[in-house]
Every structure is written in C-alpha cells, then in structure tokens.
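Trainee: Please work out how this folds:
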Amino acid sequence: MKRSRPLVVVVGLAVAGLVMLAWTQTWFTVHLDHSAAVVKTVAADGATVVPQYTAVAIASLALFLALTIAGRVVRVVLAVVQVLLGVAVVVTGISALSDPVAAARSAVGSVAGVSDIGAVRQVVTRVDVSIWPVVGITGGVLAALLGVAVLVLQRSWPGPSRKYGDAATPGSAADVSGSHASDGTGTSDGAGTSDGTGASRTGSRAPVVRDAVVDWDDLSAGLDPTAGGRRRRAGPDHGRGRIVGASPDRRRQRQRGAP
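Mentor: This next block holds a predicted model:
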C-alpha cells in the first residue's frame, strides 16, 4: 500500500492523456441537407463539441504531478478536486452525446450560415457518432475513481521527503560552541583556565568570530586584528566577548573605548 503512490500517479497521468486524446479526435460526423448547405458533411471534433476537456485534462495532469510531493492534508484536497474533475468530464461528455446536433452547432453553423439551434436542426439530416465520446466519458469515470482511490490509499503514503534540510549558517557552529563555553558549567578566563569546576577548556575552544566593527576598532587602537592572540571568541552576544590573551588593563581600556 505504501508503494501504491507511483502506480496511482502513472495511471492518473495516463487517464488525463486519454481524455486529452479524445478531445483531439472527431466525435460526430454531421450530414447536411444538400439544398441548405454547400458541403455534404461536417466533422465536429472534441475541441468543438467539448472544449472543457482540454482544461480539465491539463488540471488533472498537474494534480497528479502535485501528488508526488504533497502532504497528507493537501493529498485529501487534491483527491476531492480529482473526483470533481472526473465528474465534469463525464457530465460534459454525456451532455454532448445525448444531443449531438446541439454539440456540433458551431461547426454546422460555420458551414451552413445559420446560428439558431432550430435552423441548425433543419439542415442536419443525420449524425454519425464515433467511439471517441465513449472514450472520453470512460476517461472521466476512471479519473473520478482515481480520486476516490487517492482518498483511500493516501493514508498509508509517506509524507513529502525533505531533500534539503535546514542548512547551518556560517555562524551556527560558533553560536553552539559559544553557548557551551558560556553556560552554567563555567566561563574561561584570560589565561585559558576554567572557573570553579577546575576543568580545562583547552580541548573545547570556541571558534574565532570575525567582526568588522571590532576589527576596525583594533586597527584604530594600533592592534593587528588578524593576530591569533587578539581575536575574539564567540560568546552569547556573537562576537562581543572578551579579548583572549590580552592583559586586564588592556581589556578595561577596550571596554571603556580608550585606545
């Protein structure tokens, strides 16, 4: 059941293609009265008889493609829409098949020079029906049944795959390491030793975070911002931590903004 989605999608695309094929074929061959029209017969294809088929078939194609990536709630909505599309195909096909003259009215009127349905019926002597109306209606029935099948089967289908997860930002590692460095376990001092816990922090040093404002301040103070001992470590404020390797006097001067 879990692997039924590819099969349903393929069958749905085939059914939509079948409806589109029926739309392109000749549905009715209308025979006209010789005294009322120049030509003897008029061929009415699906584009003339049921112009709605093309829009319904394209919508069905897009719907089944969307089923490949849709979640559970969206799948239910798409299944209901698919049932409605299938019903629309069946209703329009049966309507055209029940009254071929009215369905081929535009094709006959362009040849006989009449537009009123009563006048069109007067010039028509016989109508030959092809197999394509039945093919189109059958496609509509299959489309509606596929919508019902999606409603039943989609419960066992897996959710949409997350091909791309949440990509880590360049500063995410620094944020995590900085949070570990500044949590309740202790805070490292200027000499690189730990607090009351007495554990060394040498093995879990936080990555260096470069800050353009801090680098500019270092240059203004005559310091080399690229020197390892003058870099700042990531802290809770993302780069606003203390200077590693600097003396306490220098840190107090930097905090007051003095050169």
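
Trainee: Every contact and neighbour count from this point should use C-alpha atoms.
Mentor: OK.

Trainee: Where does pLDDT dip in the chain?
Mentor: Along the chain, segments meeting pLDDT under 70 span 1-2, 159-211, 213, 228-259.

Trainee: how about the strands in it?
Mentor: Secondary structure of the chain, counting by DSSP state E: strands at 26-32, 41-45, 124-129.

Trainee: Now tell me what touches the shortest one from outside.
Mentor: The contact list for strand 41-45, computed with CA atoms under 8 Å, 6 or more residues apart in numbering, reads 23-32, 104, 107-108, 111.

Trainee: Tell me the strands beside it, with direction?
Mentor: strand 26-32 (antiparallel) (DSSP bridges).

Trainee: what sits up against the strand it pairs with?
Mentor: 39-46, 49, 100-101, 104, 108, 123-133.

Trainee: Run a quick neighbour tally on residue 11.
Mentor: Using other CA atoms under 10 Å as the criterion, residue 11 is surrounded by 16 other residues.

Trainee: I'd like the numbering to begin with 9 instead of 1 from here.
Mentor: Understood, numbering begins at 9; the last thing we discussed is residue 19.

Trainee: Please report how far it lies from residue 56.
Mentor: Residue 19 sits 27 Å away from residue 56, going by CA to CA, to the nearest Å.

Trainee: number of nearby residues for residue 225?
Mentor: Residues lying near residue 225 (other CA under 10 Å) number 16.

Trainee: Residue 140 and residue 13: what is the separation?
Mentor: Distance from residue 140 to residue 13, by CA to CA: 29 Å.

Trainee: if we can go back for a sec, so how do I select the buried members of the contacts of strand 34-40 in ChimeraX?
Mentor: Typed into ChimeraX, the line below selects the buried ones among these, using 16 or more other CA atoms under 10 Å:
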select :49,50,51,52,53,54,57,108,109,112,116,131,132,135,137,140,141
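
Trainee: End to end on stretch 69-85, go ahead and measure it.
Mentor: By CA to CA, the extent of stretch 69-85 from end to end equals 15 Å.

Trainee: What are the buried residues along it?
Mentor: 69, 71-72, 75-76, 78-80, 83-84.

Trainee: Thanks again, I'm all set now.
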